[in-house]
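S.K.: Kindly return the folded structure for what I paste below:
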Amino acid sequence: MRRAADLGCAKGTETLGLLQHGWNVLARDREKDAITSLERKVRPERRTRLRTRIAAFGEIESPPLDLLFARFSLPFCRSAGVSGRGPARASRMRKLASVTR
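M.R.: Coordinates of the predicted model:
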């Protein structure tokens, strides 16, 4: 069973693709409308493999993952401590990535 988290899932394009390819997905976004829209798009036979959360990045909690996806959301995420550049940012990114196996 492959597990992924889509942080800042927005319209859910990547979440839907992961579900289509058999992944179990935790989709998170701070906007309720984004989660509601995503849930409407998911085919009934795939709904059991989707979990959703309305939450900001600073509230990351997750079981072990095989994939952590955050396409456009990380640069805007000061609350997770990953904004900025250079070695300090790289260190914070490694810490964030530690939720993966």
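
S.K.: Which parts of the chain are helices?
M.R.: With DSSP state H, the ranges of helices along the chain come out as 13-20, 32-41, 86-97.

S.K.: Lowest average pLDDT across these?
M.R.: Note on those: lowest mean pLDDT is at helix 86-97, with a mean of 54.

S.K.: Which helix or strand in this structure has the lowest average pLDDT?
M.R.: Lowest by mean pLDDT, DSSP states H and E among the helices and strands of the chain is helix 86-97, with a mean of 54.

S.K.: Report how many residues lie close to residue 49.
M.R.: 17 (other Cβ atoms under 10 Å). C-beta coordinates here come from the backbone N, C-alpha and C atoms, glycine included.

S.K.: any idea how far residue 19 is from it?
M.R.: 6 Å (Cβ to Cβ, to the nearest Å).

S.K.: hey, what's in contact with both of those two?
M.R.: Listed as contacting both residue 49 and residue 19 by Cβ atoms under 8 Å, 6 or more residues apart in numbering are residue 25.

S.K.: Residue ranges in this protein under the pLDDT threshold?
M.R.: Within the chain, the ranges that satisfy pLDDT under 70 run 57-62, 74-101.

S.K.: check contacts around the nearest residue to residue 24 once chain neighbours are set aside.
M.R.: Nearest residue to residue 24 in three dimensions, chain neighbours excluded: residue 49, at 4.5 Å (Cβ to Cβ, 6 or more residues apart in numbering). Neighbour list for residue 49: 19, 22, 23, 24, 25 [criterion: Cβ under 8 Å, 6+ apart].

S.K.: Brilliant, that's me finished.
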